[in-house]
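> Give me a model of this one.
(chains A and B)
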Protein chains: 2
Amino acid sequence: MFKVTIHPDNKTIEVLEGETIFAACCRAGILIQSACGGVGTCTKCVVQIKEKAPPASAAGVRNLSCAEIEQGFRLSCQIKVHQDLVVDIPPGSRFYGEQILTVGGCAVIMPDLDPNVRQYHVHLPEPHIEDQASDFDRLARAIVEEEPRLEAGLEQLRELADVLRESDFKVTATVCGRRLIKTEVGNTRGTIYGLAYDIGTTTCVGYLIDLTTGKELALASRSNPQAAYGHDVLARGDHADKGPEQRRELQELIVGCMQDIAEECCRKAHVSPEECYEVTFGGNTIMTHLVFGMNPRHITVSPFTPIWSRASKVPALEIGLKLSRWARVYALPCVGGYIGGDITSGIIAADLEKREDLTLFVDVGTNGEIILGNKDRLIGCAAPAGPAFEGAKISCGLRAMSGAVDKVSFNPETEDLELHTIGNHAPRGVCGTGLIDAVATFLEVGMIDPSGRVLEPEEAKEKLPPKLAARILPNDNGSDILLASKERTLEKRRDLVLTQRDIRELQLAKGAIRAGVDMALKVYGVSGDQLKKVLIAGGFGNYINPAAALAIGLFPPDVTQDQLEFIGNSAAVGAKKCLVSRAERVRIERLARSVEYIELSGRPDFADVFMTAMLFPGAESL
Amino acid sequence: MFKVTIHPDNKTIEVLEGETIFAACCRAGILIQSACGGVGTCTKCVVQIKEKAPPASAAGVRNLSCAEIEQGFRLSCQIKVHQDLVVDIPPGSRFYGEQILTVGGCAVIMPDLDPNVRQYHVHLPEPHIEDQASDFDRLARAIVEEEPRLEAGLEQLRELADVLRESDFKVTATVCGRRLIKTEVGNTRGTIYGLAYDIGTTTCVGYLIDLTTGKELALASRSNPQAAYGHDVLARGDHADKGPEQRRELQELIVGCMQDIAEECCRKAHVSPEECYEVTFGGNTIMTHLVFGMNPRHITVSPFTPIWSRASKVPALEIGLKLSRWARVYALPCVGGYIGGDITSGIIAADLEKREDLTLFVDVGTNGEIILGNKDRLIGCAAPAGPAFEGAKISCGLRAMSGAVDKVSFNPETEDLELHTIGNHAPRGVCGTGLIDAVATFLEVGMIDPSGRVLEPEEAKEKLPPKLAARILPNDNGSDILLASKERTLEKRRDLVLTQRDIRELQLAKGAIRAGVDMALKVYGVSGDQLKKVLIAGGFGNYINPAAALAIGLFPPDVTQDQLEFIGNSAAVGAKKCLVSRAERVRIERLARSVEYIELSGRPDFADVFMTAMLFPGAESL
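Reported below is the predicted structural model:
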């Protein structure tokens, strides 16, 4: 065991011989950025080893400059500990989580209160020689309109006789689904609560709801601690595939996060976690598998089959969630491997399958999920956008955190670019919305052409105002575009640039979503102008500048800005609906079966559509 | 801790200071007769303390003679141990169990094989880009005709993906109810078994059945070890009412007995207990409560309400039964507190609710359960016969064990009584069938009159042949009838006599059943001669001499011997039917709800009917 002291935390952690710094920090709850899940390729997890830095290995210094290597910068996922160390985690490498979107953007009408867990205060007629019904039948009879098929476990039955007689047959029965879970003396109504979760790959949000009134009492959120194993679901899937121990680990991380959220909500609302009887959550199919400790391996490889996609109802204790011992977890159903419970949740949040008018629903994220249709027919597909929108695979990519460039515009007066960062700090990277904004601006001013090519420096001097031209720097693989020079960045380590490759990554990402949209329209046989609304969902989607989204061609040219509507975190809204209403569960389960899933990779015309979709508007004329 | 050595076992057991000999023996698995449950009233549990017998207390020597007290005889339930002891348990005090009736007396047509646990060998189409159904849906689809609503737990889902792919999608799925419990590589069909039990107050019988073929493979039986707490259900109920620990103890005893039976059956049939997936049992309502650890207290006092009377389906592990970890227990439903799952089992065994013809079903035991009707209407009532038919409360009463007098007849040549005993041993007591036979004979020869009064010795000398008259002995409470003098009995301790009080106990017992029959006929509005059949069920019923039963007036005078049919242990037959057929479960559950229960104690006319029913035939003329 060695001691590793982490700065600026000034926290000393114990590390096993040979464990990586990355893994040890993760174990100690100190989260470090990673998009590749610790295999040394994303180079997000750079740390500085203050003394006795181990010799530079090819893997340990990937993408670092000689100066950085000399200063002891290393990839924390590649450095195994063989001695005591002092390590500094630069702000850009630390994983703080991001702006968390907790409130839906569209007005949602909540369903009538009819939760799966309910309480009945009843006064039963006492047994009599002419009415010898069993204690249980007597109780069931009293709530028969609700409970024609009431059931009970032995534990509940064992205590029933005493409770009835102690209370002179005036009791409160708590029922979950068809199951009697508790009978209490007197009137104890009003003590049942539930939690609705949006379990995102990046972020988890939970809402505490009073199931007697339907009122939302508290919310809390956490970054998904599985992020230590990679920011995207594929990296998590790879880790899960290593074995049952790894699956258990991933499950414990996410369930621990749900537990923390539950406890924070309960503290805020002065509610005991033991009074929480129901949990609902919407997550993508892989996250749903991981919550249940299932291996999502076969979702990640063709032909992309999940183990299970229906709605799940399991005891909370079975996944390790400690609330009421009778609490149950309801996982919103998935349509398939890449249209998960977060999307079915969004569909019922937006009442998509009830709408008369043709509506396009797009959840913009690592996977772009696309649902198109109305009450008559819904089709869906998933476009593997990759993590570019979330800052990964972009050389200076950052999640939406303070110091991330989130807006880029052209100032005609200075004839130069203007940056805006989250929190107005010195810039340290570019987040997804900033990237879209930047590229839209580059296109507008002509720094890149509609094919996505960055002008060469010589070409730029000819075509662009001098300040813009000065931002085009030569590089081996096409030109870079300078956003901020080293000394103006937060960390002053290197220039903040977007490379030709970064632009290509964005093209891949937007091209995937656009191709999905195009394919969906094609399969449905409609054009963009026939859409009444284009709903953009997802935490990330909510921050996109609509004009920029259209400028980079995220949607077909016949879609206009007034069709766009940002509906925010719809994944949570559906989970809340299912928490307060059994009818919504029936609805979402039927819905999940009815959405026609279009597997894009199975279509011969997809490659063509995708190629075209990667281009920016105006490329038709090239 | 003291040491108590038990003879003739020559077994030394450790006893806590103050524990009774009865309780200590019970704990050590040495069972002693008891009808009162160890409260010192039945005086069945006499033992002989060989050295240092504690001083005689009123409770400890109840009903014993001075000579017996001097020889160290004591009631084992009243003697607390405060020193090392040597104790002899006389054969008459030992509880061996009784002749166990394991084969139904009537021809039973078993239903079509359609058990709740089933195996399917299926070859699934492999996932394909155009068929991305989840692994589970793929499996469910293959058995969809059977399993439109198939469900699975996390454990089954977690292993599913690997099993499907290891086996090239050729698997065997084991399904219990709607739940997938196991998926195995290849064809493993033919490895599912179940157990059907008749859980009697006195005796438990279990049958091992191959659920792939419906074939019965083995049976085993045990005395119900709860007998140590009293032979009748009321004594057990009293013990259970003492607290949760006592309920747990009674539950462990009966479930342990079920476990022993299961293991014996499995050994005999070379089957692993882990391959047993289903258990069904029929038991009276109190026994059913005790199997589930519920307090039957309120069944035993007016208005006699059970906690639960529906069919129960619980995991076998939840009651402590260790078979397959997925095994489930199905308890046959009860009609009410005194018409239990043993009787609903009997009804479907005898197809009572399908019969066109009016049929009377009587289960003769401690409680006489009476069902009357046909396919149009069934009514039921329970008559508290008390334990006289099982030898309890009868001074020389014995269960049906070797040495018990089971037949008594008058030999016209010797002009004297003739006894027959089980096993042709020297007599040591009288069992229920012997009691009925004896009283029928006493009536025939005039030793008792139709009111049940034993002639006085003087009167007997006038009216009876000398040998019979010599058997009438004076006593404080009416006369005794000598069956065998002391020296001719097995134990040579005292004369074997039936007392006036014994005759009265029999009158109470037969009167209760007869009153139940009369009330049922009255409520239904029919007479005895309108009955097509009178079915006599139950282990005890099977041994009754039908002529004797009619002679003592167990049935109305318009019932004739050719109406009587003995159907044996019908309680087991229904449990077997429910084990092999889900349809039979639906049937018995519907049936249990449809039987109209007549509470005799709630009827103002019952006392009158009961008074008359206690008299013997011919009493009308008195």
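
> burial of the closest residue to residue A:318 other than its chain neighbours, as a residue count?
Leaving aside its chain neighbours, residue A:318 sits nearest to residue B:154 (6.1 Å; criterion: Cβ to Cβ, 6 or more residues apart in numbering or on different chains). (C-beta placed from N, C-alpha, C; glycine too.) The local packing of residue B:154 (other Cβ atoms under 10 Å in any protein chain shown) involves 18 other residues.

> got the phi/psi numbers for residue B:154?
phi -60, psi -40 (degrees, to the nearest 10).

> same check, this time on the one 4 residues further on
Backbone torsions for residue B:158, taken as degrees, to the nearest 10, come to phi -60, psi -30.

> still on that earlier bit, who's in contact with the residue nearest to residue A:318?
A:292-294, A:314, A:318-319 (Cβ atoms under 8 Å, 6 or more residues apart in numbering or on different chains).

> Chain A - how does it break down into domains?
A:2-93, A:117-185, A:389-505 (automatic domain parsing).

> Relative to residue B:617, which of these is closest?
Ranking the domains of chain A by proximity to residue B:617 (Cβ to Cβ) places domain A:117-185 first, at 31.6 Å.

> Which of the contacts of residue B:154 sits closest to residue A:564?
residue A:292 (35.6 Å).

> The closest one: how many residues sit nearby?
Count around residue A:292 with other Cβ under 10 Å applied: 24.

> Could you do residue A:291 as well?
Applying other Cβ under 10 Å, I find that residue A:291 has 25 neighbouring residues.

> My understanding was that it contacts residue A:257; is that so?
No - if you go by Cβ atoms under 8 Å, residue A:291 and residue A:257 don't touch, sitting 10.0 Å apart.

> before we move on, the earlier item: of all the contacts of residue B:154, which two lie farthest apart?
Taking Cβ to Cβ, no two of the contacts of residue B:154 sit farther apart than A:294 and A:318, at 12.5 Å.

> Model confidence score at the residue nearest to residue A:318, please.
You'll see residue B:154 listed with a pLDDT of 94.

> low-confidence ranges in the stretch 251-400 of chain A?
Within the stretch 251-400 of chain A, the segments meeting pLDDT under 70 span A:391.

> gap between stretch A:194-209 and the chain center?
10 Å (Cα atoms, centre = their mean, to the nearest Å).

> Just the endpoints, please. Distance across it?
Using Cα to Cα, to the nearest Å, the end-to-end distance of stretch A:194-209 comes to 5 Å.

> Indicate which one of the domains of chain A is closest to residue B:544.
Per Cβ to Cβ, nearest to residue B:544 of those: domain A:117-185, 29.8 Å.

> Now do that closest one: distance from first to last residue.
18 Å.

> cool, and stretch A:75-88?
Taking Cα to Cα, stretch A:75-88 runs 12 Å from one end to the other.

> and if you look at stretch A:449-463?
Termini of stretch A:449-463 sit 12 Å apart (Cα to Cα).

> what is the mean pLDDT for it?
95.

> mind listing what's buried in that stretch?
A:449-450, A:452, A:454-455, A:457, A:459-460 (16 or more other Cβ atoms under 10 Å in any protein chain shown).

> Please apply the same query to stretch A:344-355.
A:344-350, A:352-353, A:355.

> Also stretch A:586-602?
For stretch A:586-602, by 16+ other Cβ under 10 Å, it's A:587-589, A:591-592, A:595, A:597-600.

> mind checking how far the residue nearest to residue A:318 is from residue A:319?
Separation of residue B:154 from residue A:319 (Cβ to Cβ, to the nearest Å) stands at 7 Å.

> Show me the common contact partners of the two, please.
A:292-293.

> you'd agree residue A:594 is up against residue A:378?
Yes - counting by Cβ under 8 Å, residue A:594 sits close enough to residue A:378 to count as a contact (6.7 Å).

> how about the strands of the stretch 351-500 of chain A, start to end?
Taking DSSP state E, counting those that start in this stretch, the strands of the stretch 351-500 of chain A run over residues A:359-363, A:368-374, A:377-383, A:404-411, A:416-421, A:429-430, A:472-473, A:480-484, A:496-499.

> Most tightly packed of those?
strand A:429-430 (a mean of 28; mean count of other Cβ atoms under 10 Å in any protein chain shown).

> ok, back up a step: ok, of the buried residues of stretch A:586-602, which one's closest to residue A:332?
For those, the nearest to residue A:332 is residue A:588 (6.0 Å; Cβ to Cβ).

> Give me the three-state assignment for that closest one.
Assigned state for residue A:588: helix (three-state reduction, DSSP: H, G, I helix; E, B strand; the rest coil).

> wait, what's in contact with it?
A:311, A:332-333, A:344-345, A:347-348, A:574, A:577-578.

> With residue A:490 instead?
A:91-92, A:403, A:425-428.

> Now do the residue nearest the centre of chain A against chain B, distance only.
Centroid-nearest residue in chain A: residue A:200, 2.6 Å away (criterion: Cα atoms, centre = their mean). Noted for residue A:200: a distance of 22 Å to chain B, by Cβ to the nearest Cβ, to the nearest Å.

> ditto for residue A:548
34 Å.

> what about that residue, helix or strand, and which?
Using DSSP states H and E, residue A:548 sits in helix A:546-551.

> Residue numbers of the stretch 151-300 of chain A in contact with chain B?
Residues of the stretch 151-300 of chain A lying near chain B by Cβ under 8 Å from any Cβ of the partner chain: A:152-154, A:157-158, A:160-162, A:165, A:244, A:247, A:292-295, A:297-298.

> just so I know, which of the domains of chain A lies nearest residue B:65?
domain A:117-185 (44.1 Å).

> And the closest one, how far out from the chain middle?
Worked out by Cα atoms, centre = their mean, domain A:117-185 lies 42 Å from the chain centre.

> Same check on stretch A:42-52?
Counting by Cα atoms, centre = their mean, stretch A:42-52 comes out at 27 Å from the chain centroid.

> May I see the buried residues of it?
Residues A:42-49 are the ones in stretch A:42-52 that count as buried (16+ other Cβ under 10 Å).

> Endpoints of that stretch, how far apart?
Stretch A:42-52 has its terminal residues 25 Å apart, counting by Cα to Cα.

> mean confidence score for that stretch?
Stretch A:42-52 carries an average pLDDT of 84.

> Please list the outside residues in contact with that stretch.
A:7, A:21-22, A:32-36, A:38, A:62-64, A:68, A:71-77, A:79, A:83, A:85-90, A:92-93, A:392-393.

> Name only those of those that count as buried.
Buried members of the contacts of stretch A:42-52, counted by 16+ other Cβ under 10 Å: A:21-22, A:32-36, A:38, A:64, A:68, A:72-77, A:79, A:85-90, A:92-93, A:392-393.

> what about residue A:82, neighbour count?
By other Cβ under 10 Å, neighbour count at residue A:82 equals 12.

> out of everything not next to it in sequence, what's closest to it?
Nearest one to residue A:82, counting by Cβ to Cβ, 6+ apart, is residue A:17 at 6.3 Å.

> Distance check, the one you found against residue B:372.
Taken as Cβ to Cβ, the span from residue A:17 to residue B:372 is 83 Å.

> what's near enough to touch residue A:172?
Residue A:172 touches A:119-122, A:183-184, A:186-189, counting by Cβ under 8 Å, 6+ apart.

> tell me which of those residues is nearest to residue B:306?
residue A:183 (15.9 Å).

> mind checking pLDDT for residue A:13?
The model reports residue A:13 with a pLDDT of 89.

> whoops, residue A:489 was the one
Residue A:489 is given a pLDDT of 89.
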